[in-house]
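*Asks:* Fold the following, please.
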Amino acid sequence: MGYRLAAAGACAVMGLAVASCGSGGDAAQHDQHVLLLSIDGMHESDLADYVAAHQDSALAKLAARGAHYTNAQAPAPADSFPGMVALLTGGSPKTTGVYYDDTWARDLLPAGTKDCATAKKGAQVALTEEIDKDTDQLDGGQGLSGLPNGIAAMTGDPSAVLDPAKLPVDPATCKPISPSDYLKVNTVFSVVHEAGQRTAWSDKHPAYQIVNGKGGRSVDDLFTPEIDSKSPKGPAWSKDVDAVKQYDTYKADAIVNEIGGKDHSGAQSPGVPAVFGMNFQAVSVTQKLPVSKGYGADGKPGAPLAASLDFVDQQIGRFVAALDKAGLGDKTTIVVTAKHGQSPLEPDALTRVDDKPIVDAVNKEWAATHPQTPKLIEHSIDDAALVWWLADRSPEATAFAKRKVLETNGTGTDINGNPKPFTASGVDPSQVFAGAEAAKFFGAAADDTRVPDLFAGTVGTVYTAGKSKIAEHGGDSPDDRHVALLVVGSGIAKHDVADQVSLNQVAPTILARLGLDPGKLDAVKSEHTASLPS
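*Replies:* Model (predicted):
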């Protein structure tokens, strides 16, 4: 950890969009469409190495005519939802209210609450498969018959397959709150939709209904097959390197249909969206599964991971070919990036730590002297970092939690499953943020109702009770945050940009590329997020 991201800077006339975040979007060069692609898990080093080794690849051809940002940083925690939300809003978790894909909100009531007048505030907010009507089905419970037959017919409004009984409750209305209403700001889809232009997106859970942003539906065609449902092989699509490629192909097919002016299913012809795109899961899943072995000692991808990179490149090649066939190749900005990276890049750095005994020990010792708060850690989500929300936010409680983290030593496992000792819960002792320190780390107010009370981790530590992972994301290390970012479009010449930039800067850039005002994004106004520099 400790790889803190510098501020994006004040609104200014910058770079690709040549438009300030408060302007009317008067850019030197506009395009009619923006295609946003997230290759989850793809580090900057992955992109650079792949382009260098595959000169005839789709990625290399894009890099040969675009702006390559060699120091792009995902927000911390480097998880799917802060990353995706940053790309589409221009905001950090302190502004968007979204700190993780499984988080805690002190301003909401638990799912299923009926008596809102007396209920105690504090609720888990799951933005995962957990809120589907049927978590086993690829369609999330829509009722399509047969898999994979029929998945293209899945609804373009996944609100229909979210189970209201699994959603947190808004105390003001005593009604379940949708993911999009949980988000405190609007998105690029909101602005484009309000401008009368079509929008589309494809992602891995119906919970990605959140990308509509506050204020109602703004994505005309939102295709969200459930990645953690059962695949034809039995386990989830995310548990097999071949199954996840088939899963990604469903979404890639949707993009090709949309480039052709159709909806994701290919059944209707509403026209090409002004802004659309998808996330790829193949690279991220392959990086995590032990069968892949991840990266070699030389830092290069092993054969399974190399094959997944090839697969993604082939799909991007399909998109470019489809754009050219539709006469849109010179009218479309393509953004290739990653919501998050993956840690560790070096196999020998891996230490798998079971976080449950750590959480249990903290709760047990605290309860011994504070019976009024028997469960100090109200919610924890520990992937590549410890992320805790406490029932008691006092200086005494947060200091206690931090001390226990630093005192906990034990034995985990390495990449081969052999015992490997760890100290201080597997974190870097200098990078444990608790209480006011945690709020300051995230740039949030001390009384923020959603900010974690403890955040800690280090490169290489993955919190898991078993041996099913060799990598994970969700921390603050360079492996988690230093991601790929490539922008190609009209008026952009091939060049590298070494300036440190944030994924937050992609959202205002998207709008400016479309000739729209980035200042219409709530988070851009709040954080003064600038477009990407040229």
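*Asks:* any idea how the protein splits into domains?
*Replies:* Each domain of the chain is listed here as a residue range: 15-75+83-90+156-161+178-342+488-527, 351-463, per automatic domain parsing.
*Asks:* Relative to His482, which of these is closest?
*Replies:* Nearest to His482 among those is domain 15-75+83-90+156-161+178-342+488-527 (5.2 Å), distances taken as C-beta to C-beta. The C-beta positions use only the backbone N, C-alpha and C, and glycine is treated the same way.
*Asks:* any idea how far that closest one is from the chain center?
*Replies:* Averaging C-alpha positions (C-alpha atoms, centre = their mean, to the nearest Å) puts domain 15-75+83-90+156-161+178-342+488-527 11 Å from its chain's average.
*Asks:* pLDDT of it, averaged?
*Replies:* Mean pLDDT, computed over domain 15-75+83-90+156-161+178-342+488-527, is 94.
*Asks:* Take the domains of the chain and lay them out in TSV including distance to Arg106 and mean neighbour count.
*Replies:* Converted to TSV, the domains of the chain look like this (distance: least, C-beta to C-beta, whole Å; neighbours: other C-beta atoms under 10 Å):
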stretch	distance to Arg106	mean neighbour count
domain 15-75+83-90+156-161+178-342+488-527	13	21
domain 351-463	4	19
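*Asks:* Same list, those, but as TSV with distance to Leu144 please.
*Replies:* Below are these laid out as TSV (distance: least, C-beta to C-beta, whole Å):
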stretch	distance to Leu144
domain 15-75+83-90+156-161+178-342+488-527	10
domain 351-463	31
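*Asks:* OK, contacts around Ala165?
*Replies:* Ala111, Gly112, Pro176 (C-beta atoms under 8 Å, 6 or more residues apart in numbering).
*Asks:* Can you show me the strands along the stretch 51-200 of the chain?
*Replies:* For the stretch 51-200 of the chain, the strands defined by DSSP state E, counting those that start in this stretch cover 67-69, 72-73, 102-105, 123-126, 169-170, 175-176, 200-202.
*Asks:* Pretty sure Pro273 sits against Leu36.
*Replies:* No. Counting by C-beta atoms under 8 Å, Leu36 is not a contact partner of Pro273; they are 10.7 Å apart.
*Asks:* dump the residue contacts of Ile510.
*Replies:* Val34, Leu36, Val188, Val275, Thr333, Val335.
*Asks:* For those, work out which two are farthest apart.
*Replies:* Val188 and Thr333 (12.3 Å).
*Asks:* Return the distance of Tyr463 relative to Arg481.
*Replies:* Tyr463 sits 18 Å away from Arg481, going by C-beta to C-beta, to the nearest Å.
*Asks:* Nearest residue to Asp354 in space, ignoring adjacent ones along the chain?
*Replies:* Spatially, and ignoring its direct neighbours in sequence, Asp354 is nearest to Ala465 (4.5 Å; C-beta to C-beta, 6 or more residues apart in numbering).
*Asks:* Phi, psi for that neighbour please.
*Replies:* With angles defined as degrees, to the nearest 10, Ala465 sits at phi -80, psi -20.
*Asks:* try Ala267
*Replies:* Backbone dihedrals for Ala267, given as degrees, to the nearest 10, come out at phi -90, psi -30.
*Asks:* Give me the secondary structure label for Gly234.
*Replies:* What DSSP: H, G, I helix; E, B strand; the rest coil gives for Gly234 is coil.
*Asks:* now Gly317
*Replies:* Three-state call for Gly317 (three-state DSSP): helix.
*Asks:* Got the confidence number for the most centrally placed residue in the chain?
*Replies:* Centre of the chain computed as the mean C-alpha position; nearest residue by C-alpha atoms, centre = their mean is Ser80, 1.8 Å away. We have a pLDDT of 95 for Ser80.
*Asks:* Gly466 too?
*Replies:* pLDDT, Gly466: 89.
*Asks:* Could you double-check that Pro452 sits in contact with Ala385?
*Replies:* No. Using C-beta under 8 Å, Pro452 is not in contact with Ala385, being 9.5 Å away.
*Asks:* circling back to that earlier point, any chance of the strands of the stretch 51-200 of the chain in TSV, with distance to Thr155 too?
*Replies:* What follows is the strands of the stretch 51-200 of the chain, written out as TSV (distance: least, C-beta to C-beta, whole Å):
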stretch	distance to Thr155
strand 67-69	35
strand 72-73	33
strand 102-105	24
strand 123-126	20
strand 169-170	24
strand 175-176	18
strand 200-202	13
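*Asks:* Looking at those strands, which is nearest to Ser394?
*Replies:* strand 102-105 (17.1 Å).
*Asks:* what's near enough to touch the residue nearest to Val497 when sequence neighbours are not counted?
*Replies:* Computed as C-beta to C-beta, 6+ apart, the closest residue to Val497 that is not its neighbour in sequence is Tyr69, at 4.9 Å. Tyr69 makes contacts with Leu485, Leu486, Val487, Asp496, Val497, Asp499, Val501, Leu532, as judged by C-beta under 8 Å, 6+ apart.
*Asks:* Out of the residues you listed, which is nearest to Pro164?
*Replies:* Nearest to Pro164 among these: Leu485, at 37.2 Å, using C-beta to C-beta.
*Asks:* if we can go back for a sec, now a ChimeraX select for only the buried ones of the contacts of Ala165.
*Replies:* Those of these that count as buried under 16 or more other C-beta atoms under 10 Å are selected in ChimeraX with:
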select :111,176
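*Asks:* What does Thr351 show for phi and psi?
*Replies:* phi -130, psi 110.
*Asks:* That one bridge partners, please.
*Replies:* For Thr351, the beta-bridge partners are Thr461 (DSSP bridges).
*Asks:* so what pLDDT did it get?
*Replies:* Thr351 is assigned 97 on the pLDDT scale.
*Asks:* quick one: it and Gly460 touch, right?
*Replies:* Yes. Between Thr351 and Gly460 there is a contact under C-beta under 8 Å: 5.6 Å.
*Asks:* follow-up on the earlier one: which of the strands of the stretch 51-200 of the chain sits closest to Gly150?
*Replies:* Judged by C-beta to C-beta, the one of the strands of the stretch 51-200 of the chain that comes nearest to Gly150 is strand 200-202, at 16.5 Å.
*Asks:* and Ile510, how far is that from Pro82?
*Replies:* From Ile510 to Pro82 the distance is 18 Å (C-beta to C-beta).
*Asks:* Next, Pro270: secondary structure please.
*Replies:* coil.
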